[in-house]
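> Sequence first, predicted coordinates after that:
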Amino acid sequence: MTRKTAVLAMTAVAVMLPFLSWAVLCDAAHAQSPGAANYELLTPSGAGPFPAVVVMHGCDGINANTRRWAERLVGWGYAALIVDSFRSRGLSNVCNRGATLPASVRAGDAIAAKDYLRSLPNIAKGRIGLIGFSHGGWAALAAAGSFNAVVAFYPWCNGRVPANTLVLIGSADDWTPSQRCSGGANLKVYSGATHGFDAPRGERTYFGHHMTYDAAAADDAEDRTRRFFAARLGR
């Protein structure tokens, strides 16, 4: 596998994995705007053009589960662009103050990331999706109208799920209640699952909310996500 490098606003840092190239990117023009997000791009081996998915992290920033999902997407044949909405804004965690960075602002980050992907020669410009988790899922819902396909894990819903969006959420989520999401064939509520059900960590209380891994729900959500993107992004 060839090492992928990029020099935009900063020198790319490549992390070598068996099936992908990784570059830490910051679009020079985008970076000139105060508070602009930073990007991390992962691509499958080869020249492309690849369909792509923008990845929006949760309220605690980019974590192991964010990267796990990005690597999973690459394994399915997509380029994955992780959007860091926090670092350039001096934030690290908004889990107890989510409105500090509203969904509308992070939706703007997602749309700017899509525009960045469309500028790359190895990306299939008409086949770009979006996935978000918790706070990032809230942002994904806000940006849904700008993407071909959207997957939102345990987002803060505000009514009906858009037709191009798959929402995956637990019935025992005491942080972003599933009852706030309504209608649509693409709403899946997992019985007994909590917030963060797909992250393989032990049972815990985080900012007063109960969270635990649910292997059955996580496996089903992974399969639904793979099939949803394949049907709409052509992979």
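Yes, it's here.
> bridging residues for Leu41?
Ala23, Leu81 (DSSP bridges).
> and stretch 95-113, what's its mean pLDDT?
Mean pLDDT, computed over stretch 95-113, is 85.
> Kindly export that stretch (C-alpha atoms) in PDB.
C-alpha atoms of stretch 95-113 as PDB (Å, rounded to 0.1, in the frame of the first residue of the first chain):
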ATOM      1  CA  CYS A  95     -21.700  16.300  27.000                       C
ATOM      2  CA  ASN A  96     -23.200  18.400  29.800                       C
ATOM      3  CA  ARG A  97     -23.800  21.500  27.600                       C
ATOM      4  CA  GLY A  98     -24.700  20.300  24.100                       C
ATOM      5  CA  ALA A  99     -26.200  23.600  23.100                       C
ATOM      6  CA  THR A 100     -22.700  25.200  23.300                       C
ATOM      7  CA  LEU A 101     -22.200  23.900  19.800                       C
ATOM      8  CA  PRO A 102     -25.700  23.800  18.200                       C
ATOM      9  CA  ALA A 103     -26.700  21.200  15.600                       C
ATOM     10  CA  SER A 104     -27.000  24.000  13.000                       C
ATOM     11  CA  VAL A 105     -23.300  24.900  13.400                       C
ATOM     12  CA  ARG A 106     -22.100  21.200  13.100                       C
ATOM     13  CA  ALA A 107     -24.500  20.700  10.200                       C
ATOM     14  CA  GLY A 108     -22.500  23.500   8.500                       C
ATOM     15  CA  ASP A 109     -19.300  21.500   9.300                       C
ATOM     16  CA  ALA A 110     -20.800  18.400   7.700                       C
ATOM     17  CA  ILE A 111     -21.800  20.300   4.500                       C
ATOM     18  CA  ALA A 112     -18.400  22.000   4.300                       C
ATOM     19  CA  ALA A 113     -16.800  18.500   4.600                       C
END
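> Give me the contacts around it.
By Cβ atoms under 8 Å, 6 or more residues apart in numbering, the residues outside stretch 95-113 that reach it are 30, 36-37, 39, 54, 56, 58-60, 81, 83, 85-86, 89, 91, 94, 130, 132, 135-136, 138-143, 146-147, 156, 206-207. (Glycine included, C-beta is placed from N, CA and C.)
> In the protein, where is pLDDT below threshold?
Applying pLDDT under 70 to the chain flags the ranges 1-36, 92, 97-98, 206-207.
> where exactly do the helices run in it?
Counting by DSSP state H, residue ranges of the helices within the chain are 28-31, 64-75, 103-118, 135-142, 215-233.
> Show residues contacting the longest one.
Under the criterion Cβ under 8 Å, 6+ apart, residues 51, 53, 72-73, 76, 78, 127-129, 131, 148-149, 151, 153, 164, 166, 168, 170, 186, 188, 190, 193, 197-198, 200, 235 lie in contact with helix 215-233.
> Can you list the buried residues in the lengthiest strand in the chain?
Using DSSP state E to define each element, the chain has its longest strand at strand 123-133. By 16 or more other Cβ atoms under 10 Å, the buried positions in strand 123-133 come out as 123-124, 127-133.
> can you pull the contacts of the residue nearest the centre of the chain?
Central residue of the chain (Cα atoms, centre = their mean): Val55, 2.6 Å from the mean position. Each residue near Val55 by Cβ under 8 Å, 6+ apart is listed here: 66, 69-70, 73, 80-83, 131-132, 136.
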